[in-house]
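Engineer: Have a look; sequence and predicted model below, questions after that.
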Amino acid sequence: MRGVASGAAPLPAWLAEPEPAYEPPRDRDGFLRRNALSLASMLTVFRTPACPEGPIDRMLARVSPVLRLMGTIVCVGCVSAARNMAFVWVALAATLVVLASRPARRILSVARPALVVALLAALVNVPAVFLGSPSAPVRVLMKSFVTVTIVLGLSNTVQTERLFGALASLHVPSHVVLVCDLAIRDLALVGQVATSLNEALACRSIGHAADKSLGTAGVLGMTFVKASELARRQSDAMACRGFDGTFSVERERVITPAGIAYLVALACAVICFVYLEGAVA
Amino acid sequence: MHIPDNYLSPSTGAVFAVAMVPVWGHCIKKVREDLDRDHVAFLGVAAAFSFLLMMFNVPLPGGTTGHAVGGTLIALLLGPEAACIAVSVALAIQALVFGDGGILAFGVNCFNMAFVLPFVGFALYRAIAGKALTAGRRRVAMAIGSWAGINVAALCAAIEFGIQPLLFHDAAGQALYCPYPLAVSIPAMCIPHMLVAGVVEAVATVAIYEFVSRTAPEYIVATPEGDSGKGSSLVPVAVFVGVLAVLTPLGLLAEGDAWGEWGTEDVASLVGYTPAGMGQGFSWEALLPDYTFAGLPDVAGYILSAVVGVALLVIVFKLLSAAARPAAATGAKA
């Protein structure tokens, strides 16, 4: 290197002058990353395949989605209707046992949103403390945590297709099931599109933008255009395949050994609810 | 041995809490170095053993009750540093959720049961067992180590109780906090622990260690035995924890309170006055005081408390395991 440098001609004066360094004004992209990108990426949750992990979830996976759906509705109803905390504690204990049987990643994916919702619900109920009901926030916090955990447990461990099959088994009109199915699929696709647009915007944005509304509006507008395009293509594809409005889903057997065991457990939960509520009354 | 709030002065609690900070720091660092993801998750099961053992109250001479702690057991399974973390988390859940052990006395309780107990028990085990490969000598070392560990911890608690009237009293000479001097607290704490609680601790330690070494030997890292290559499964251990949880109401058969865990009125009736610091002290409203649920029978409440406590411990340590280094491919199934 030394030889090359010594043999080279000296730089002309205009080239040797230091260039004025370009330093773009500092702009924190926290708004983009924490709001737009995180909101868009939340929609991609719909693409995450539900898979049972942990021994209890694997046992529950053998139960018909119809029963799981009904059981979830019954459990959520009982917890919400409970007037004393005894049944809520029993439900919390059962929920914690199911959570503890899952791997850490799954626990986090359920416990984090459940805790956020529960804390928010408790926060909303804080004024009740000053109105003579000091235990209201704790009661609401626990009920919210248990119910959200139960519902998330269902959605995390039962595939969407099986859930829609369960809806059809419950005599929900087929066009309603179709709309729900398409909506879930489209939400996932729109989330993917919005995430890609936001990532592109984050990579290409330089400098400080005081007004974030322009960028946000652009992303929202493009997402809307893309979503419309996707919907049109889907409609064309369905017409090409001769879709006549009939939406058939595969129905699963309800009465199986696992289903009977689940029904027995559900009956025990209902009896426990009735007994504990009666004990207080 | 769970010292409640207001038996010790807040300054005593603060000193021990500050003293425990470097201990916790060292233990966390050592656990992160030594244990992989699977073993940190297993630490939750080990903490559950400790939590459940502390619910099995046994009657002690003098009309009080006591319990095993299981600190030496965890030290033998995963090391004394891991035992310190596990017992500390168990004590935190007991204090916050069940009101067992004080909030201000949390540092003191951790010093006695999470630091002194497992470290003394493990050091004594090492000293006695040496490099012995004979199972008999190792079991004897475990029994002696765990017995000594809980007794040294009880002695520490007795000294902490006994120095209160010496350090904190009013102008009339009446104690502000625990009213019993060393001459009372040391025999009252140590003799029952030497005769009963220490024996229960030793039996529980050897029995549970033996069970884990037969069913899940790959999870024992502190004192691995020769044949640790055979298949490990946590299913029998999980079933065993469940059985222990269902059996916890046996702890309700022991009537009376543990020494030094009376209510303020009981202390007043025993010594003839209410120590000022206890009468106007700190009070924590636990969610499930004394492992009971309003509207549920005591037995059902006790079992439910055990289930909630165990599940919380397993969840906490599973979440912590996410930050640990990945497990080596040993074939252990978490």
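Structural biologist: Structure's in. What do you need?
Engineer: Kindly report the residues of chain A close to chain B.
Structural biologist: Proximity of chain A to chain B, by C-beta under 8 Å from any C-beta of the partner chain, involves residues A:55, A:84-86, A:89-90, A:92-93, A:96-97, A:99-100, A:103-105, A:107-108, A:111, A:138, A:276, A:279-280. Every C-beta, even on glycine, is put in place using the N, C-alpha and C of the backbone.
Engineer: And stretch B:182-196, what's buried?
Structural biologist: Judged by neighbour count using 16 or more other C-beta atoms under 10 Å in any protein chain shown, the buried positions of stretch B:182-196 are B:184, B:185, B:186, B:188, B:189, B:190, B:192, B:193, B:194, B:196.
Engineer: Now render the residues you listed as JSON lines, adding secondary structure.
Structural biologist: What follows is these, written out as JSON lines (DSSP: H, G, I helix; E, B strand; the rest coil):
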{"residue": "B:184", "secondary structure": "helix"}
{"residue": "B:185", "secondary structure": "helix"}
{"residue": "B:186", "secondary structure": "helix"}
{"residue": "B:188", "secondary structure": "helix"}
{"residue": "B:189", "secondary structure": "helix"}
{"residue": "B:190", "secondary structure": "helix"}
{"residue": "B:192", "secondary structure": "helix"}
{"residue": "B:193", "secondary structure": "helix"}
{"residue": "B:194", "secondary structure": "helix"}
{"residue": "B:196", "secondary structure": "helix"}
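Engineer: what would these look like in CSV with pLDDT and distance to residue B:302?
Structural biologist: Shown next, in CSV, are the buried residues of stretch B:182-196 (pLDDT from 0 to 100; distance: C-beta to C-beta, whole Å):
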residue, pLDDT, distance to residue B:302
B:184, 93, 31
B:185, 92, 29
B:186, 94, 31
B:188, 92, 26
B:189, 92, 25
B:190, 93, 28
B:192, 91, 22
B:193, 92, 23
B:194, 93, 27
B:196, 92, 21
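Engineer: overlap between the residues you listed and the residues near chain A?
Structural biologist: Applying C-beta under 8 Å from any C-beta to the buried residues of stretch B:182-196, one finds that nothing falls near chain A.
Engineer: which one among the residues you listed gets closest to chain A?
Structural biologist: Using C-beta to the nearest C-beta, residue B:196 is the member of those that lies nearest chain A, at 31.0 Å.
Engineer: Verify the stated contact: residue A:181 with residue A:164.
Structural biologist: Yes. Residue A:181 is in contact with residue A:164 according to C-beta atoms under 8 Å; the separation is 5.1 Å.
Engineer: quick one: which of those two has more around it?
Structural biologist: Each of residue A:181 and residue A:164 has its neighbours counted (other C-beta atoms under 10 Å in any protein chain shown); residue A:164 has more, 22 against 17.
Engineer: Can you get me the centre-to-centre distance for the helix or strand containing the more buried one and its chain?
Structural biologist: In the assignment (DSSP states H and E), residue A:164 maps to helix A:160-169. Relative to its parent chain, helix A:160-169 has a centroid offset of 18 Å by C-alpha atoms, centre = their mean, to the nearest Å.
Engineer: Other residues contacting stretch A:260-269?
Structural biologist: With C-beta atoms under 8 Å, 6 or more residues apart in numbering or on different chains as the test, stretch A:260-269 has contacts from A:60, A:63, A:67, A:68, A:70, A:71, A:74, A:75, A:78, A:91, A:94.
Engineer: Spell out which parts of chain B neighbour chain A.
Structural biologist: B:41, B:235, B:287-288, B:293-296, B:304, B:307-308, B:310-312, B:314-315, B:318-319, B:321-322, B:334.
Engineer: Okay, angle between whichever strand or helix holds residue A:144 and helix A:160-169 too, please.
Structural biologist: Following DSSP H and E, the helix or strand that holds residue A:144 is helix A:136-157. Orientation of helix A:136-157 against helix A:160-169 (axes from the mean of the first three to the mean of the last three C-alpha atoms, to 10 degrees) gives an angle of 100 degrees.
Engineer: Show me what helix A:136-157 packs onto, helices and strands only.
Structural biologist: Applying 3 or more C-beta pairs under 8 Å, 6 or more residues apart in numbering or on different chains; DSSP states H and E, one finds that helix A:136-157 contacts helix A:55-61, helix A:65-81, helix A:85-100, helix A:104-124, helix A:127-130.
Engineer: Adding mean neighbour count and mean pLDDT, write those helices out as a markdown table.
Structural biologist: Converted to a markdown table, those look like this (neighbours: other C-beta atoms under 10 Å in any protein chain shown; pLDDT from 0 to 100):
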| stretch | mean neighbour count | mean pLDDT |
| --- | --- | --- |
| helix A:55-61 | 17 | 86 |
| helix A:65-81 | 18 | 92 |
| helix A:85-100 | 22 | 92 |
| helix A:104-124 | 17 | 90 |
| helix A:127-130 | 12 | 86 |
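Engineer: how about a markdown table for the ones you listed, with distance to residue A:256 added?
Structural biologist: Shown next, in a markdown table, are these (distance: least, C-beta to C-beta, whole Å):
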| stretch | distance to residue A:256 |
| --- | --- |
| helix A:55-61 | 12 |
| helix A:65-81 | 9 |
| helix A:85-100 | 20 |
| helix A:104-124 | 24 |
| helix A:127-130 | 45 |
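Engineer: Among these, which comes closest to residue B:153?
Structural biologist: helix A:85-100 (28.5 Å; C-beta to C-beta).
Engineer: Also compute the angle for the closest one relative to helix A:65-81, please.
Structural biologist: Going by the same axes, to 10 degrees, helix A:85-100 makes 140 degrees with helix A:65-81.
Engineer: all helices for chain B, in order.
Structural biologist: Using DSSP state H, the helices of chain B run over residues B:10-34, B:37-53, B:71-78, B:80-98, B:106-109, B:117-129, B:135-162, B:164-167, B:182-192, B:198-215, B:235-247, B:264-271, B:276-279, B:298-321.
Engineer: Out of these, which is the most enclosed?
Structural biologist: Mean neighbours per residue, mean count of other C-beta atoms under 10 Å in any protein chain shown, is largest over those for helix B:71-78, with a mean of 31.
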